[in-house]
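Colleague: please find the sequence and the predicted model below.
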Amino acid sequence: MLRYATRRFLGALPTLFILIALAFFLIRVAPGGPFDSEKALLPEVEANLRAAYNLDEPLHQQFARYVWGLAQADFGPSFQYRDYTVTELIMTGFPVSLRLGGMAITLALLVGVTAGSLAALRQNTRTDYAVMSASMTGISIPNFVMAPLLILIFAVYLGWLPAGGLGDGSPRNMVLPVIALALPQIAYISRLTRGSMIEVLRSNFIRTARAQGLPMHKIVLRHALKPALLPVVSYLGPATAAVITGSVVIEQIFGVPGLGRFFVQGALNRDYTLVMGVVVFYGVLIIAFNLLVDLAYAWLDPKVKYS
Amino acid sequence: MIASAQAVQGQEEVAGRSLWVDAWRTLRKNRAATVSGIVIGIMAVLVVVGPWFSPYSYDFTDWSNLSIGPSLETGHLFGTDTLGRDLFVRTLYGGRISLMVGLSATLVSLLIGISYGAVAGYFGGRLDNLMMRIVDILYAMPFMFFVILLMVFFGRNLFLIFVALGAIIWLDMARIVRGQTLSLKHREFVEAARAQGVGTFAVIRRHIVPNLLGVVAVYVTLTIPQVILMESFLSFLGLGVQEPMTSWGALVKDGSDEMQSSPWLLLFPAVFLAMTLFCFNFLGDGMRDALDPKDR
Amino acid sequence: MSLLEVRNLHVRFDTADGEVHAVRNLSFELDRGETLGVVGESGSGKSQTVLSLIGLLADNGRASGSAMFDGQDLFNLSPGALRSIRGRRISMIFQDPMTSLNPYLTVAEQMVQVVREHDRMTRRAARDRCLEMLEAVKIPDAAERLDCYPHELSGGMRQRVMIAASLLLDPQILVADEPTTALDVTVQAQILELMKDLNRRLGTAIILITHDLGVIAGLCERVIVMHDGELKEQGNVRDVFYRPRHSYTKALLKAVPRLDAEQVERLAPAADSSLLSVDGLKVHFPVRTGGWLGEKRPLRAVDGVNLDLRSGETLGIVGESGCGKSTLARAILRLVPTTAGNVCLLGQSMGDLDKRALREMRRDAQVIFQDPLASLNPRMTVGNIVSEPLRTHFPELGADEVRTRVADVLRRVGLSGRELNRYPHEFSGGQCQRIGIARALVLKPKVIICDEPVSALDVSIQAQIVNLLMDLQAEFGLALIFIAHDLAVVRHISHRIMVMYLGRIMEVASRKALYETPHHPYTRALISAVPIPDPDKERDRDRELLPGDLPSPVDPPSGCRFRTRCRFAQDRCRTEAPQLRQLTDSLVACHRAGEAVLV
């Protein structure tokens, strides 16, 4: 298992390197610079500024410096928020985003797997059709459409829940953003679970278990659930990526002070280091999570060999 | 020989049912998919033809009717926005952009994906290994972020949008096509063709491609809504097309800013967007059921 | 009173195309400790019959009639009561032991829960019970096997686990649905021996469902013959086999190729020059052991094979799964790259040919595959499928000429010639195989390689296809290479027969010599493992049971490939690989062949 994990980890390194290089050079070749917004900078001042941020060095040197910094968890200084390092900015936004995203994924898993299994067990009944229609709707309504609709209904018309912000930090504020972020994932996961559960329930070993006289609930729990969940486990990688991407808009709509804010503002302000920082940070997160998912999969499926 | 030839001609021809005909029948029996297909057709006609019949253009400001709700008297069927522009026409124009981006990006992904996947799958071996490693690496990238960066740095440009989206989406297509090709390559009818001396190109054309088409058709139907979704996501962030031109995502964004005072600005584009996605997903699902040989 | 009494059983399925009446008015009995065989071809309703008894029909199925088991009607029981009978008093094993065991649970996990479901017992005690049962079905190192996952066991071992799991609670009836169909013939012999032994020792009644009359002859006391959902004949096994009354039974018994049938001498064609010769052919596939980055090792699918074939002759190639016979076929046709060796067709070495010459060459050597439907492109019409070789090699032919030739060849293989515009999925397995034969025949080749051409077909269809091939051979002077795992079929059609094991030739001999005086211990075991559809002969035979399973071709034994399962193996067999040598009428690769101990 350890060897397998090490190998998978080493396999992820080139991905990581390409990610960093792509982000770095893409931003550098883009027109416009970080000091464009402050008009009428004296040429000497700008030169000094550039030197202070090492922007006058050759590109490959800057890149090497950046990668070396990253290796020490140093994302460099922010160009726009002059008093902060990017690492500090990320660390203020990330806990909020993590809480939002983590809750959304957990909710999506719990509701999605339950609804999907239920639909599979009651295939072609009203329960099944209800779950599947709901899930199709969930897939078809993007979360940036769902979010304002939720606000309109639950905050504006009904007045049950706050429309956003962190407020006093009570969980009430998180309800709508979490739901908006989770809904499409609930829809995907329930469809996925239903499909794989139906396939597993049709398989020969389930027939064997029935022939051995096991009751249905035990068959589902002991025999069917684990294989049926494997596709869901491998979907968790893309799901995380989708939730992270989605959280950029959701945070904007609900005014949640997470990482998404820095990304959008950083991009608009050409804050190289901040945007880089967020992209690399998210990239690392997604790659790391994919790695974890792979390991979990290998651990769950006895047919995958570690060594 | 001659006698038997006449005998053949004298016999009645028995028409066979191809798998496509069977699939078409199954699809037509699926009411949700049929309705979805019809709705998509209507939608396509509407967004292309609709604006010609409207008295307003998409950027015309009706100063006497700013932010009014849907009404028949003024001719603003869906009402107007804060700048007095007709929402009906703008929604249709937005639909043009969304559907166009959806189709063209899917086409881009189709071209790259099929050639890449078919080459990797058919030739296999080391080439396949290398090509699929590249796909794996690209797959792990947070691509949406790169697209956002592209939009920010190189300006908002429709062409760039669908090239960028197509460039993300092709990964899935390549994987699927490669997997199918790989399994088809080892099917016995392909071996039989090779044993008969049929050339590589003819094997691909006659035996591989026709058997790929089902899967590809299903996948295209499911890719279009994905692209529309991504495009509207970018538009929502203000990174899509430029004002005064618009798309569904941008309209939803504008609508959500005004939803307390003028909820129709949110509702109409939201319904159009959701309905289109809904229908494409349903149609894709129906096609999957119809073309999937497992359910036969 | 009998243990199980089924009266007027009907099984119906509601399908999109209307109601399917799968079993019609079936009545039979089963006594305590009795062995009952249910025989029939695919679609005869034999499996649905037993599935309906224990309430395992598919959701759209309905059963009516009565089934009295120990004083209660199985069809009138509550689901809970029926469940407590399933597994405990009536248990069942299925055809494919790989998919019938849960791949995600260890052997112990799946067995223990069955015990504890029906009996109050500690986990410890249940585990002990499972271990005891695994030992009863003669699984070596049973204690270690308990914690294995199914994919870590061989096919025969998995079926033993299935049997052990089904006998855990000492049921009164064991239903076995084609329990050996997915297994190799030497492993089948082991499993059948085990079932016979368990029936004797534990007194469990057995219902054995199979299409193989030989299996029934060896194991069952009474037989039911089913066809099209109806019972055609039932009775004592000797009555049914020796004095069949129903015409279907008679036809079935006649269609089965038998190892003990009288040899109608097939005259080998005059030994003119050889048509096809294979010299030192090796095909090694690199396989990775353990994921990517794992070590690459050669899988020696074919490891040094020589053969030659004369025109008009049939060479049979037999061997168990994994012996390399299918790879050999593909390598001869250059469908897989060869590692070493040479193939000569009509005096031309195929290795030297450029692409165009090779394509020309393909006109003379054609192939027929195992799975009739899979070997036809589902998106092409029959006309296009059969005409493709013509259009490839004779593009100058006019459309009418092509049509005529295609229609002719379709009629020649027993079709009507009017199928041109239809698609493969509209035909039955046997018809599809005829289309495949027509495609191979349309170029008038000199050689046709048949790779298990009948093993996916029902017995009566098998006979038709084999006879068709023999007729075509006589008519066109074809040379055939006929690959199969079924020794009886091969015996029926071949002039000479080659026995393969783990990529090597064990023995080559004329049909007569091979079956009457087999020299190689493997040939002898193989022949003795094939069940004969004759109850008396089958029960009186001395069986040479081979122990264990096939070793992996990635890691074959040193020296003689067969030595790990050979009871005559000596030190020399481990160190030195035997070469083929002439022994009376045969070529044998065995150090000890011809010694007195073997006879």
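Modeller: That came through, no problem.
Colleague: C:S387 and B:V21: what is the separation?
Modeller: To B:V21, C:S387 is 21 Å away according to C-beta to C-beta, to the nearest Å. Any C-beta I mention is one placed from the backbone N, CA and C, and that applies to glycine too.
Colleague: and these two? Which one has more around it.
Modeller: C:S387 (22 against 12; other C-beta atoms under 10 Å in any protein chain shown).
Colleague: now the helix or strand hosting that one: how far from the chain's centre is it?
Modeller: In the assignment (DSSP states H and E), C:S387 maps to helix C:382-393. How far helix C:382-393 lies from its chain's middle: 31 Å, per C-alpha atoms, centre = their mean, to the nearest Å.
Colleague: quick one: list the elements packing against that helix.
Modeller: Packing partners of helix C:382-393 (3 or more C-beta pairs under 8 Å, 6 or more residues apart in numbering or on different chains; DSSP states H and E): helix C:355-362, helix C:399-412, helix C:429-441.
Colleague: buried residues in that helix?
Modeller: Across helix C:382-393, burial judged by 16 or more other C-beta atoms under 10 Å in any protein chain shown covers C:V382, C:G383, C:N384, C:I385, C:V386, C:S387, C:E388, C:P389, C:L390, C:T392, C:H393.
Colleague: taking helix C:429-441 as reference, get the angle to it.
Modeller: Orientation of helix C:382-393 against helix C:429-441 (axes from the mean of the first three to the mean of the last three C-alpha atoms, to 10 degrees) gives an angle of 20 degrees.
Colleague: what residues does the stretch 151-296 of chain B put near chain A?
Modeller: Within the stretch 151-296 of chain B, the positions lying close to chain A (C-beta under 8 Å from any C-beta of the partner chain) are B:152-154, B:225, B:229, B:232-233, B:236-237, B:249, B:252-253, B:255-256, B:259-260, B:263, B:266, B:270, B:273-275, B:277-278, B:281-282, B:285.
Colleague: cool, and chain C?
Modeller: Residues of chain C lying near chain A by C-beta under 8 Å from any C-beta: C:54, C:56, C:80, C:83-88, C:91-92, C:94, C:96, C:99-105, C:110, C:113-114, C:117-118, C:149, C:151, C:162, C:165-166, C:290-291, C:293.
Colleague: can you tell me which of the residues you listed end up in helices?
Modeller: Using DSSP state H, the subset of these located in helices is C:80, C:83-85, C:99-100, C:110, C:113-114, C:117-118, C:162, C:165-166.
Colleague: in these, find the pair that's most separated.
Modeller: Spanning the widest gap among those are C:G80 and C:T99, at 27.5 Å by C-beta to C-beta.
Colleague: between those two, which has more neighbouring residues?
Modeller: C:T99 (17 against 8).
Colleague: might one say that that one is in contact with A:R202?
Modeller: No: when contacts are counted by C-beta atoms under 8 Å, C:T99 is not listed as touching A:R202 (10.8 Å).
Colleague: longest helix in chain A, please.
Modeller: Scanning chain A for the longest helix, with DSSP H as the assignment, gives helix A:86-121.
Colleague: what about C:I139, how many neighbours?
Modeller: Neighbour tally, C:I139, other C-beta under 10 Å: 22.
Colleague: that one in helix, strand or coil?
Modeller: coil (DSSP: H, G, I helix; E, B strand; the rest coil).
Colleague: dump the residue contacts of it.
Modeller: Applying C-beta atoms under 8 Å, 6 or more residues apart in numbering or on different chains, we find C:I139 in contact with C:R145, C:M157, C:R160, C:V161, C:A164.
Colleague: tell me which element B:G37 falls in.
Modeller: Using DSSP H and E, B:G37 falls in helix B:31-49.
Colleague: how many neighbours does the residue of chain C found nearest chain A have?
Modeller: Proximity of chain C to chain A (C-beta to the nearest C-beta) peaks at C:G87, 3.2 Å away. Neighbour count of C:G87, defined by other C-beta under 10 Å: 26.
Colleague: pLDDT at it, what is it?
Modeller: For C:G87, the model assigns a pLDDT of 86.
Colleague: how about the contacts made by it?
Modeller: Here C:G87 is in contact with A:A211, A:Q212, A:G213, A:L214, C:V114, C:E117, C:H118, C:S166, C:L169, C:P171 (criterion: C-beta under 8 Å, 6+ apart).
Colleague: go again using 6 Å as the cut-off
Modeller: Listed by C-beta atoms under 6 Å, 6 or more residues apart in numbering or on different chains, the contact partners of C:G87 are A:Q212, A:G213, C:V114.
Colleague: surely the last one meets A:A211?
Modeller: Pointing back at C:V114 there. No: using C-beta atoms under 6 Å, C:V114 is not in contact with A:A211, being 9.9 Å away.
Colleague: low-confidence ranges in chain C?
Modeller: For chain C, applying pLDDT under 70 flags the ranges C:1, C:263-272, C:288-295, C:596-599.
Colleague: care to break it down by domain?
Modeller: Recorded structural domains for chain C (assignment: automatic domain parsing) are C:4-254, C:274-494, C:519-599.
Colleague: from the chain's centroid, how far away is the shortest one?
Modeller: Averaging C-alpha coordinates over domain C:519-599 and over its chain gives two centres that are 20 Å apart (C-alpha atoms, centre = their mean).
Colleague: can the helix or strand harbouring B:F159 be found next to chain C?
Modeller: When elements are assigned from DSSP H and E, B:F159 belongs to helix B:158-185. No: Helix B:158-185 is not in contact with chain C by C-beta under 6 Å from any C-beta of the partner chain; minimum separation 9.8 Å.
Colleague: next to chain B, which bits of chain A? Give me the list.
Modeller: Taking C-beta under 6 Å from any C-beta, the part of chain A that reaches chain B is made up of A:15, A:18-19, A:26, A:30, A:139-142, A:144-145, A:148, A:152, A:156, A:245, A:267, A:279, A:282-283, A:286-287, A:290.
Colleague: buried ones from those residues, can you make that a ChimeraX selection?
Modeller: To isolate the buried ones among these in ChimeraX, judged by 16+ other C-beta under 10 Å, type:
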select /A:15,18,19,26,30,139,140,141,142,144,145,148,152,245,267,279,282,283,286,287,290
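Colleague: where does chain B dip in pLDDT?
Modeller: For chain B, applying pLDDT under 70 flags the ranges B:1-17, B:62, B:67, B:72, B:74-75, B:152-156, B:292-296.
Colleague: so where's the longest helix in it?
Modeller: Max-length helix for chain B by DSSP H is helix B:87-123.
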